[in-house]
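Engineer: need coordinates for the below:
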Amino acid sequence: MGIPRETVARLVKENEGHDCPEHPEICVRLEAAADLPTRFGDYQVVAFWNNLDRKEHAAFVHGNIFEQEAVPVRIHSECLTGDAIGSLRCDCRDQLIESLERIGKMDTGVVLYLRQEGRGIGFTNKIRAYELQDAGYDTVQANELLGFKADERDYAIAAHMLASLHVKSVKVMTNNPQKLADLERHGVRIVGRIPIVVPANQVNGPYLDTKRKRMGHLLVVEQPDDLVDYPNRAGPSG
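Structural biologist: Numbering: from 1, shown residues only. Next comes the predicted model:
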């Protein structure tokens, strides 16, 4: 069972005309929700509108997360080449599938799918960065040569999505400390971190190594018993 239908209807109703008068620079509205049976378990899909990037972001909700504490959350940034096509250059698809499978076995949880392609630089610039990587630059160097930061993503919209779903506190499924810091900066109450460990493939080892060495991702982690109820898997992750 997910969020009850009557609660979903109330959430959609309370978001009608929602204009965020205190912070007009960013307004996120919950627009629609429906049941979504998947190969990873029963989910609800929730569609959001916002005035910041005007893209349609999505939440995939498992169980009733309304007004709940310590909700497991995966915040996943769109990766067309990985998520849809199965690119071996990154670990995005592996992390998305691992997150959906793991949350689908939990009592509650949510995957936020953000339209932040290429760590926020957009699809075309991501392909330009790939060209530079083909020439021998790592992911950080490629972004910087294009005039971007190593990671241009912002999680303000994610924070508002969680608030719209009335999630009180979260355990974030991530290896990226900067994601945790940015969520907290936007007012999300984080009560734990759940490592997400997926093995490297025959191509993406250097990519994962750059994430660890140059971006501070926590690829080798101990998993505290109070935060993790699944076995640790050996191998690198992203």
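Engineer: the helix or strand of the chain with the lowest mean pLDDT packs against which elements?
Structural biologist: The helix or strand of the chain with the poorest confidence is helix 205-215; it has a mean of 82 (mean pLDDT, DSSP states H and E). Judged by 3 or more C-beta pairs under 8 Å, 6 or more residues apart in numbering; DSSP states H and E, the packing partners of helix 205-215 are helix 139-145. No exception for glycine: its C-beta is placed from N, CA and C like everyone else's.
Engineer: can you give me the helices for the protein?
Structural biologist: 5-15, 92-104, 117-120, 123-134, 139-145, 156-164, 177-185, 205-215 (DSSP state H).
Engineer: what residue lies at the spatial centre of this structure?
Structural biologist: The residue lying closest to the centre of the chain (C-alpha atoms, centre = their mean) is residue 75, at 1.6 Å.
Engineer: output the below-cut-off pLDDT ranges for this protein.
Structural biologist: The chain contains residues with pLDDT under 70 at 1, 18-25, 220-238.
Engineer: 50 - rerun?
Structural biologist: The chain contains residues with pLDDT under 50 at 221-238.
Engineer: what residues does the spatially most distant residue from the centre of it make contact with?
Structural biologist: If you look at how far each residue of the chain sits from its centre, by C-alpha atoms, centre = their mean, the farthest one is residue 135, at 29.3 Å. For residue 135, the contact set (C-beta atoms under 8 Å, 6 or more residues apart in numbering) is empty.
Engineer: how close does it get to residue 141?
Structural biologist: Distance, residue 135 to residue 141, by C-beta to C-beta, to the nearest Å: 10 Å.
Engineer: so what's the gap between the least confident helix or strand of the chain and the chain middle?
Structural biologist: 19 Å (C-alpha atoms, centre = their mean, to the nearest Å).
Engineer: do stretch 117-127 as well
Structural biologist: Distance, centroid of stretch 117-127 to centroid of chain: 16 Å (C-alpha atoms, centre = their mean).
Engineer: what's the answer for stretch 69-77, then?
Structural biologist: Relative to the centre of its chain, stretch 69-77 is centred 7 Å away, using C-alpha atoms, centre = their mean.
Engineer: which outside residues touch that stretch?
Structural biologist: By C-beta under 8 Å, 6+ apart, stretch 69-77 touches 65, 92, 95-96, 99-100, 102-103, 106, 108-114, 116-117, 119-120, 153, 155, 158, 162, 167-174, 179, 183, 191-192, 194, 196.
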